[in-house]
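1. next one to model:
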Amino acid sequence: MRFLKLVLELLRPQRRRLALLLTIILAVTVVEVGLWPAVFGAFIKVVQVAPGGLPVKLDLLKAAVERVNRLLPKTDEERRRALLYIAAATIVVALLRAALTYARDYVGQHIGGRVLIDLRLQLFERLQRLSLAFYDSQRVGDLMSRLTGDVGVVQQLVTSDMTNYITAPPVIVVGMVGMFVLDWRLSLFVVIFAPVTAYVVSRSGKRIGRLTRRQQEAMGDLNARLHERLASIRIIQSFTRESYEVEQFRRLNENTFEAIMRVVRLGALAPQVIQLLSTSALVIAATYAGFLVINKQLDLGMLAWYFMLTQRVGVAFVKFGGLQIRVRQSFSALERVLEVLAEEPDVREAPDARELGTIEGRVGFRNVTFCYAGGEAVLRGVDLEIAPGEVVALVGPSGAGKTSLVNLVMRFYDPTEGRVEAEGQDLREVTLESLRSQIGLVPQETILFGGTIKENIQYGRVGASDEEVVAAARAANAHDFIMALPKGYDTDVGERAVRLSGGQRQRIAIARAVLKDPRILILDEATSSLDAESEVLVQEALDRLMRGRTTVVIAHRLSTIRSAHRILVLSEGEIVEQGGHEELLALDGMYKRLYGIQEGPRAAARLVEGEQRG
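-> Numbers count the residues shown, from 1 in each chain. Down below sits the predicted model:
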């Protein structure tokens, strides 16, 4: 029942086409269990050696049957003429059946296709809007498995299976009614097997549902490992762990295969059991009917009509049993997809959230405490005011809370206690788009998307003109190297921009931020992994980008932040020191120790180099 509700919810936008589909299915049912068996039965009735009247057991239909009996052919000439009429009627019924079946399949596939792309779009949209807290607890490979593999399983349901699933019940119901009308004695043999078949379908469906869930989880584990290992291929090869990784993947692959085969075994066995039960019922009914015909208690034409009807019902019954099992598989996949759709972002806009408006760049922290889900506080009682245009650097050991602090500025997370402000307004009271559209981020690990260089720069402001893109690239010291490429701004950067050097990628990322023209800029030590020449070019670009903007710099190399207006030293989630570079050195505290740890070896290296030159 729950599954039916989920499917109906998916079908809601297609309710008009669904109504059309149900009408076509009703017409197909009439043809399948009414007209088609009737013309076949009429053919046998006309050609049999000793034609007689149509027998019927129900008084309700006796008058109508008597009229039909009077119309039956009596002479050979009338029988030959009737055969021609029946042949013509058969062709007409066949054409009608073909047209209706085509319309049913086309409309059903159209509905299923629309449901599928809507579901995939909803899933991708939800993944885009979920908070970073969700991704902290999820594996990308498993999410990819849900977006592709699980949606693919649902695709089978909403395209072909759905149409057959809707078609089978009316054929079974109408056909069974017709069978009882024609001869209730034969129909009893068929009905006796129905509860046994229903039991087999129910037990098999539940079992296969559980097995399918395990199979999909195994596929999620496999995809997660595959994604992680391919993304880390340099590390694997540098440690010569190729054989080890192949063996680990082989084991996981075998486990996934066994999970799949458990589903396959049961999925292959259950339909055969259903087929065996249906065949047994038909054989018993046919044997009994044979005795009735031999004893002149049943008309041969009526028997042909009855068994044609039985065949239609039997096929529908077997198909419906198999569909029930596949539906269980689809249900498990749909549940995994809907689990993601049911996720709510931890960071949500308030119902009455307002536009932030153009800001100058003032940022405030008011007694902010923050902890990740289920963890200890990573920020404790932070009070901070950053003035418009001020450059503030964050330093401290790993785990001190630097990244957490800037994540709160972008409202990737909300504080556990206290409030974060922009221009004096609580970030929870303004729309996310109006906030983040005025913040630029240049991360340490540059992220570029597959596509051209121009498209990557335009990501900062979609629709920007070519002139604006070039101006941003010039400001980022990127124009010259871009023009030196074979296709200039139309050069494809490749997946993860592997065709560009680290310095080139970073300058494109800076150009993207320049084009966005944010009021608040967040830099996650954009020069820490660059060579000396690239660092100079990137630092020049960053200096241009920072002018007139409120800038928060996460600093890993303290030598790059001497010119910051203010340096904040964080330790265990608290601001323990703050001031200018020289001022903090004079305090003889943590900053001086950190600076000494970094600069001591460099100073010694410079001294050795000077002595060698001398």
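2. how much space separates the residue lying closest to I447 once chain neighbours are set aside from G503?
-> In this structure, I447 finds its nearest non-sequential neighbour in A509, 7.5 Å apart by C-beta to C-beta, 6 or more residues apart in numbering. C-beta: built from backbone N, CA, C; applies to glycine. In this structure, A509 and G503 are 11 Å apart, going by C-beta to C-beta, to the nearest Å.
3. those two: which has the busier surroundings?
-> For A509 versus G503, the count of surrounding residues by other C-beta atoms under 10 Å is larger for A509: 28 against 22.
4. report the buried residues of the one helix or strand R366 maps to.
-> Using DSSP states H and E, R366 falls within strand 363-371. Going by neighbour count (16 or more other C-beta atoms under 10 Å), the buried part of strand 363-371 is 363-365, 368, 370-371.
5. which among the residues you listed gets closest to Q275?
-> C371 (59.1 Å; C-beta to C-beta).
6. what's near enough to touch the residue nearest to that closest one when sequence neighbours are not counted?
-> Once flanking residues are discounted, C371 sits nearest to A377: 4.4 Å by C-beta to C-beta, 6+ apart. By C-beta atoms under 8 Å, 6 or more residues apart in numbering, A377 lies in contact with 369-371, 416, 573.
7. 6 Å instead?
-> 369, 371, 573 (C-beta atoms under 6 Å, 6 or more residues apart in numbering).
8. ok, back up a step: assign a three-state SS to the residue nearest to I447, would you?
-> With DSSP: H, G, I helix; E, B strand; the rest coil as the basis, A509 sits in helix.
9. and the residue nearest to C371, how far is that from D426?
-> 20 Å.
10. cool, D588 as well?
-> 38 Å.
11. which residue lies nearest the spatial centre of the protein?
-> L147 (2.6 Å; C-alpha atoms, centre = their mean).
12. how about the contacts made by that one?
-> With C-beta under 6 Å, 6+ apart, L147 has these contacts: L123.
13. how is it assigned, secondary-structure-wise?
-> Under three-state DSSP, the three-state class of L147 is helix.
14. what do you get for the one 5 residues further on?
-> Using three-state DSSP, the three-state assignment for G152 comes out as helix.
15. torsion angles phi and psi at L448?
-> Phi and psi for L448, reported as degrees, to the nearest 10, are phi -120, psi 150.
16. count the residues that sit near it.
-> Neighbours of L448 using other C-beta under 10 Å come to 23.
17. that one contacts N456, doesn't it?
-> Yes - L448 is within contact range of N456, at 5.0 Å (criterion: C-beta atoms under 6 Å).
18. flag every buried residue along stretch 464-475.
-> Neighbour counts over stretch 464-475 (16+ other C-beta under 10 Å) mark 464, 468-475 as buried.
19. and stretch 392-405, what's its mean pLDDT?
-> Mean pLDDT, computed over stretch 392-405, is 88.
20. mind listing what's buried in that stretch?
-> Applying 16+ other C-beta under 10 Å to stretch 392-405 flags 392-396, 400-405 as buried.
21. tell me which of those fall in strands.
-> 392-395 (DSSP state E).
22. could the residues you listed go into JSON lines alongside distance to Y85?
-> Below are those laid out as JSON lines (distance: C-beta to C-beta, whole Å):
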{"residue": "V392", "distance to Y85": "94"}
{"residue": "A393", "distance to Y85": "95"}
{"residue": "L394", "distance to Y85": "92"}
{"residue": "V395", "distance to Y85": "97"}
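23. M162: how many residues sit nearby?
-> The number of residues near M162, taken as other C-beta under 10 Å, comes to 24.
24. and the residue lying closest to it once chain neighbours are set aside, how many neighbours?
-> Take M162 and drop its neighbours on the chain: the residue closest to it by C-beta to C-beta, 6+ apart is G112, 5.5 Å away. A count of neighbours around G112, defined by other C-beta under 10 Å, yields 23.
25. quick one, phi/psi of G112?
-> The phi/psi pair for G112 (degrees, to the nearest 10) is phi -60, psi -40.
26. do you know how far T197 is from F307?
-> Relative to F307, and taking C-beta to C-beta, T197 is found at 19 Å.
27. all strands of the stretch 451-600 of the chain, in order?
-> 520-524, 550-554, 566-571, 574-579 (DSSP state E, counting those that start in this stretch).
28. same list (those) but as TSV, adding distance to M179.
-> Formatted as TSV, the strands of the stretch 451-600 of the chain follow (distance: least, C-beta to C-beta, whole Å):
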stretch	distance to M179
strand 520-524	74
strand 550-554	77
strand 566-571	80
strand 574-579	81
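29. want to throw those strands into TSV with mean pLDDT, mean neighbour count and distance to P443?
-> Shown next, in TSV, are those (pLDDT from 0 to 100; neighbours: other C-beta atoms under 10 Å; distance: least, C-beta to C-beta, whole Å):
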stretch	mean pLDDT	mean neighbour count	distance to P443
strand 520-524	88	23	5
strand 550-554	90	24	9
strand 566-571	91	22	19
strand 574-579	91	17	23
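30. low-confidence ranges in the stretch 151-300 of the chain?
-> Regions of the stretch 151-300 of the chain meeting the criterion pLDDT under 70 cover residues 156-161, 190, 231-232, 234-235, 238-239, 298-300.
31. for it, what spans make up the strands?
-> For the stretch 151-300 of the chain, applying DSSP E, counting those that start in this stretch gives no strands.
32. ok, L132 - contacts?
-> Applying C-beta under 6 Å, 6+ apart to L132 gives the contacts F412.
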